[in-house]
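S.K.: Below is the sequence, then the predicted model.
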Amino acid sequence: KNQVEQSPQSLIILEGKNCTLQCNYTVSPFSNLRWYKQDTGRGPVSLTIMTFSENTKSNGRYTATLDADTKQSSLHITASQLSDSASYICVVSAAEGNNRLAFGKGNQVVVIP
Amino acid sequence: SAVISQKPSRDICQRGTSLTIQCQVDSQVTMMFWYRQQPGQSLTLIATANQGSEATYESGFVIDKFPISRPNLTFSTLTVSNMSPEDSSIYLCSVEDRRQLIYEQYFGPGTRLTVT
């Protein structure tokens, strides 16, 4: 069973609308949680990194939240743009095992005009 | 941040042949990794490329199938040997910046491999 589960698998949203992506994880002991954006044909690019002591972090129109107690995170996209069409990958780092990363399968977002 | 380039960006290969993928980083890095990303799946770590010594492979990946070279701190190659259609995937090079308290990880653009 994957240690990082993301939902929804894919979604289509209208330009200008908001959306929220979910990530649940079982990785323990927890070190940090990252959200990456991967455009088609490109490698993943980091959006946010949060440790257990942080419960929200923003990067422009992207806002990530973290609840380390329930092991849940969300990524909120505000006022979506066509360039937000991408896969958003949740990645959790363990506090042992040499910083081993566990990857989710990604949320595929398509923004339409 | 680190800027990573990969060659080739994509290739179509016949089964039974081998392909070598190159990864170049614009700065010296200690930790360099190779990942595979199959359609609809999460990134899977193949191995850690160690400078001056043999790569460290993850469970399910072996040196005979995925030989790796790491001649210096800015360059690595991954070879996919004796390819079959199941090897069709995106292969990503990644480096880890350990100068910060939290290790940031950067990814190359990937090599899209199709095996026919």
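M.R.: Cool, the structure landed.
S.K.: number of nearby residues for the residue in chain A that chain B sits nearest to?
M.R.: Per CB to the nearest CB, A:Gly43 is where chain A lies closest to chain B, at 3.4 Å. Where you see a C-beta, it was placed from the backbone N, CA and C, and this is true even at glycine. When neighbours are defined as other CB atoms under 10 Å in any protein chain shown, A:Gly43 has 21 of them.
S.K.: Close to chain A: what parts of chain B are there?
M.R.: Proximity of chain B to chain A, by CB under 8 Å from any CB of the partner chain, involves residues B:4, B:40-45, B:92, B:94, B:96, B:102-110, B:112.
S.K.: Roughly how far does the residue nearest the centre of chain B sit from A:Asp67?
M.R.: Centroid-nearest residue in chain B, with CA atoms, centre = their mean: B:Trp34, separated by 2.9 Å. Per CB to CB, to the nearest Å, B:Trp34 is found 33 Å from A:Asp67.
S.K.: do the same with B:Pro85
M.R.: Per CB to CB, B:Pro85 is found 42 Å from A:Asp67.
S.K.: One more: B:Tyr103?
M.R.: Taken as CB to CB, the span from B:Tyr103 to A:Asp67 is 23 Å.
S.K.: More neighbours: these two, which one.
M.R.: Per other CB under 10 Å, whichever of B:Tyr103 and A:Asp67 has more neighbours is B:Tyr103, with 17 against 10.
S.K.: Output the set of residues of chain A in proximity to chain B.
M.R.: Residues of chain A found near chain B, taking CB under 8 Å from any CB as the criterion, are A:2, A:4, A:31-32, A:34, A:36, A:41-46, A:49, A:51, A:89, A:93, A:99, A:101, A:103-106.
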